[in-house]
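1. how would this look folded up:
(2 chains)
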Amino acid sequence: MARHAEADIPVLILEKLSRIHGSGELTVHALRRINLAVRAGELIAVMGPSGSGKSTLLNLAGALDKPTSGRVLIEGEDVTSMRPAALAAVRRRKVGFVFQDFNLVPSLTAAENVSLPLELDGWSPRRTRQPVAEALDAVGLSGQVGDRYPSELSGGQQQRIAIARSLVGPRRLVLADEPTGALDTETGDQIMAVLRERCDAGAAGLLVTHEPRHAGWADRVIFLRDGAVIDSAESAAVDERLMRSIG
Amino acid sequence: MAGAVVKGHVMSVRWGILALLTEGPMYGARIRSEFEQRTGGTWPLNVGQVYTTLARLERDGLVEGQEADDEGRIGYRITREGRRQVELWWTSPVPREDSPRSELVIKLALAVTVPGVDVQQIVQNQRSASLSHLQDLTRLKRGTQASPAGNDSGSDLAWSLVLDHLIFTAEAELRWLDHVEGRLQREAARSGRRPQHDHQAHDHQARDHETETVVR
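-> Next up, the predicted model:
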């Protein structure tokens, strides 16, 4: 598995992260002092029952929500204390999201969807051409697919586009919320394979899923309950021959 | 239970060997290597097991040993009745047997009835272990997909299908564990108990941790 050269510097750090909704008797501790680091080359899955804090965690990691206490560092930058404009710039430049329902802009072609974060960041269309082509290539889509509209693409292709968009140009952090939810098992596996490849090539991935099958692609799986990490599972570096003797 | 598992394994070796012999006579060593290769090496056989099985098949009239060759090796050939039995095997469903995991079923069934057992912890420990196992299997599967199909693509396909089976089995167990947890919560809610981690306990933990951090 190829690891990124900067593998030792976490792309995402969550430090004693807490999020409380409401107050008084209606107080809900959505997250309780979560510590987590995601390095380049890593894919970490978050599992837990509904209401356990998975989505809150992802929203905080992507600077879409502010923690009650604790810090979020994206590529070393503390985003918790940033002003909205700076925060928006971090989201454009450093964080990519992949959602269950793809969230592509229907009136833009696949390639235009991928180039959107770069263009919003002031890149000229001409300058986006190469990174967009590379991003599409990296998810196994190239050629004419880029000129098609989302409605002309299969679910699996649309999600590949969304992954390409999440990691286009300099972006290295991909936050995925049930990215295989709307897809059949086979296509879901293919999407997980693409996500895994992108992480192996140097991205840092945080995946929220309720599917054990897809969590199986992660380097580490953390389990949330009532907003706290209760356990984690890691793939043991077992010898393949040993594995072959199971059963 | 363990007996049923052993029996299942013995039966699958017996049928496996018989099915291989429909392709033509083979020596014991060849049977062993073919069996292992075609099942992805997931169920290694020892030579003794192969010969014991062949002896039983011979006793039952399903195979017959040939004359020993110059090196003293005995080839085995399938009989007409053996072929008939293999045909029947291909066309009949495999009987459902107790799986090796039924220890887990028994453990949980007892855990919910024996007082003072932290069932939720048992569920979580198992979930974590099963997920690690699933991660290992997924990694092996990625390995098989990454390697280009060579001359051996038939046995690669077999190994890949065996892996899929193990992945589906692990997945089913994890789903069942989720189900167990959900049922426990509903039961607890119905009886007015709180099986979940106590929020106050969490806060205490958090505060203790904070104090610790500050001290450091």
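2. close to chain A, is stretch B:37-48?
-> Yes: looking at stretch B:37-48 against chain A by C-beta under 8 Å from any C-beta of the partner chain, the contacts come from B:40-44. Every C-beta, even on glycine, is put in place using the N, C-alpha and C of the backbone.
3. now that we have the residues you listed, which one has the most neighbours?
-> B:Gly40 (21 neighbours; other C-beta atoms under 10 Å in any protein chain shown).
4. Does A:Phe115 touch A:Pro125 like I think?
-> One correction, residue A:115 is Ser, not Phe. Yes: between A:Ser115 and A:Pro125 there is a contact under C-beta atoms under 8 Å: 7.0 Å.
5. These two: which has the busier surroundings?
-> Per other C-beta under 10 Å, whichever of A:Ser115 and A:Pro125 has more neighbours is A:Ser115, with 27 against 11.
6. Following element in sequence after the helix or strand harbouring the more buried one, please.
-> Here A:Ser115, judged by DSSP states H and E, is contained in helix A:110-120. Toward the C-terminus, helix A:110-120 is succeeded by helix A:125-138 as the next helix or strand (DSSP H and E).
7. and the following helix or strand past that next one with helix A:110-120, angle?
-> Following helix A:125-138 in sequence order, the next helix or strand is helix A:155-166 (DSSP H and E). Inter-element angle recorded for helix A:155-166 and helix A:110-120: 20 degrees (by axes from the mean of the first three to the mean of the last three C-alpha atoms, to 10 degrees).
8. Can I get helix A:155-166 in CSV, CA atoms only?
-> Extracted C-alpha coordinates of helix A:155-166, given in CSV (Å, rounded to 0.1, in the frame of the first residue of the first chain):
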residue,chain,number,x,y,z
GLY,A,155,-25.3,6.2,-9.7
GLY,A,156,-21.8,4.7,-9.5
GLN,A,157,-20.4,7.1,-12.1
GLN,A,158,-22.0,10.1,-10.3
GLN,A,159,-20.4,9.1,-7.0
ARG,A,160,-17.0,8.7,-8.8
ILE,A,161,-17.5,12.3,-10.0
ALA,A,162,-18.3,13.4,-6.4
ILE,A,163,-15.1,11.7,-5.2
ALA,A,164,-13.1,13.3,-8.0
ARG,A,165,-14.6,16.7,-7.0
SER,A,166,-13.8,16.1,-3.4
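9. Give me the angle between that helix and helix A:125-138.
-> In terms of direction (the same axes, to 10 degrees), helix A:155-166 departs from helix A:125-138 by 130 degrees.
10. So for helix A:155-166, mean pLDDT?
-> Mean pLDDT, computed over helix A:155-166, is 94.
11. Need the contact partners of it.
-> The contact list for helix A:155-166, computed with C-beta atoms under 8 Å, 6 or more residues apart in numbering or on different chains, reads A:96-99, A:102-104, A:110, A:113-114, A:116-117, A:132, A:135-136, A:138-141, A:145, A:150, A:153, A:174-176, A:179-180, A:182-183, A:187, A:190-191, A:194-195, A:198.
12. switch the cut-off to 6 Å
-> A:96, A:98, A:102, A:104, A:110, A:113-114, A:135-136, A:139, A:141, A:150, A:174, A:182-183, A:187, A:190-191, A:194 (C-beta atoms under 6 Å, 6 or more residues apart in numbering or on different chains).
13. Could you point out the helix or strand that follows that helix?
-> Next along from helix A:155-166, by DSSP H and E: strand A:173-177.
14. ok, that following strand: who's next to it in the sheet?
-> The pairing partners recorded for strand A:173-177 under DSSP bridges are strand A:95-99 (parallel), strand A:204-208 (parallel).
15. May I see the buried residues of it?
-> Neighbour-count burial for strand A:173-177, counted by 16 or more other C-beta atoms under 10 Å in any protein chain shown, picks out A:173-177.
16. could I have that strand exported to CSV, CA atoms only?
-> Extracted as CSV, the C-alpha positions of strand A:173-177 are listed here (Å, rounded to 0.1, in the frame of the first residue of the first chain):
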residue,chain,number,x,y,z
LEU,A,173,-9.2,15.6,3.0
VAL,A,174,-12.3,13.7,2.0
LEU,A,175,-15.2,13.4,4.3
ALA,A,176,-17.7,10.8,3.2
ASP,A,177,-21.2,10.4,4.6
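17. and it, what's its mean pLDDT?
-> 95.
18. Residues in contact with that strand: which ones?
-> A:11-12, A:58, A:61-62, A:94-99, A:166-167, A:203-208.
19. Repeat the analysis, applying 7 Å as the threshold.
-> Contacts to strand A:173-177, defined as C-beta atoms under 7 Å, 6 or more residues apart in numbering or on different chains, come from residues A:11-12, A:55, A:58, A:61-62, A:74, A:94-100, A:166-167, A:195, A:198, A:203-208.
20. give me every residue that touches residue 15.
-> Since no chain was named, I'll use chain A. Shown in contact with A:Glu15 (C-beta under 7 Å, 6+ apart): A:35, A:70-71, A:73.
21. look at chain B instead
-> By C-beta under 7 Å, 6+ apart, the contact set of B:Trp15 is B:Trp89.
22. roughly how far apart are it and chain A?
-> 16 Å (C-beta to the nearest C-beta, to the nearest Å).
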